[in-house]
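Enquirer: Compute the structure for the input listed below.
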Amino acid sequence: MNNFVLNIPNFLSNEDCNNIIKKYESLLIKDEKYEYSGYYYYDFKEAIFVEKFNNAIEQYKNTFKEIAHTGSFWSLTSLRLKKFEPTKFFSQWHSEHCISNPHRILNVQIYLTEHNCGTEFFNGNIIKSEIGKLTFFPAYFTHTHRGQVCPEDKVRYIITGYISFTKKGNSEQ
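Expert: Numbering: from 1, shown residues only. Now for the predicted structure:
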């Protein structure tokens with residue numbers, strides 16, 4: 001049985017990752033809702049690397065053919081750049097599919113920095129951060145997860161997003 005997680009190493013180059021950090025650093029806003037996590041964010045208003053995302057989504061569809069049987073249209077609906085200060089991380093167990101977000105079906109994560117930590121799943125699996133790596137995984141309770149503390153006490157950057165059910169041809173991205 002597979003776990004419906006797809007990692008795509010080198011989705012973005014080191015240069016791409018550094019350029020994104022440099023370009024959007026001054027636009028980051030402190031997240032007051034999750035103050036314990038100490039993160040800053042920027043919600044992308046513009047479409048970025050759309051063709052690469054479309055290719056990655058096709059790769060997910062080809063790897064996990066079951067997704068074609070959802071009977072609904074779905075697309076990338078949001079992308080958020082997140083910056084975590086040293087010693088801060090999203091420590092609470094959570095999944096993205098919930099009463100307030102019932103249309104989310106896949107998580108999207110792109111690590112812009114690399115540290116000896118990553119995303120930890122409730123079942124004990126861990127996805128290690130690697131610069132430029134894109135990861136897709138289901139948004140459901142089956143993939144309850146949290147961030148890990150960075151043992152190197154460094155600033156970390158990640159892009160998160162969601163593949164969600166949408167009306168035909170309707171996408172926020």
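Enquirer: how about the helices in this protein?
Expert: 14-24, 50-63 (DSSP state H).
Enquirer: so where is the chain shaky, pLDDT-wise?
Expert: 1-2, 34-37, 71, 168-173 (pLDDT under 70).
Enquirer: Find the centremost residue of it, please.
Expert: Centre of the chain computed as the mean C-alpha position; nearest residue by Cα atoms, centre = their mean is Q109, 2.2 Å away.
Enquirer: do you know how far it is from S91?
Expert: Q109 is 16 Å from S91, where distance means Cβ to Cβ, to the nearest Å. (Glycine included, C-beta is placed from N, CA and C.)
Enquirer: I'd say the residue nearest to the centre of the chain and Y157 touch.
Expert: No - checked against Cβ atoms under 8 Å, the pair Q109 and Y157 is beyond contact range at 11.4 Å.
Enquirer: Without its sequence neighbours, what residue ends up closest to G132?
Expert: L12 (4.1 Å; Cβ to Cβ, 6 or more residues apart in numbering).
Enquirer: Surely that neighbour and T113 touch.
Expert: No - L12 is beyond contact range of T113, at 11.5 Å (criterion: Cβ under 8 Å).
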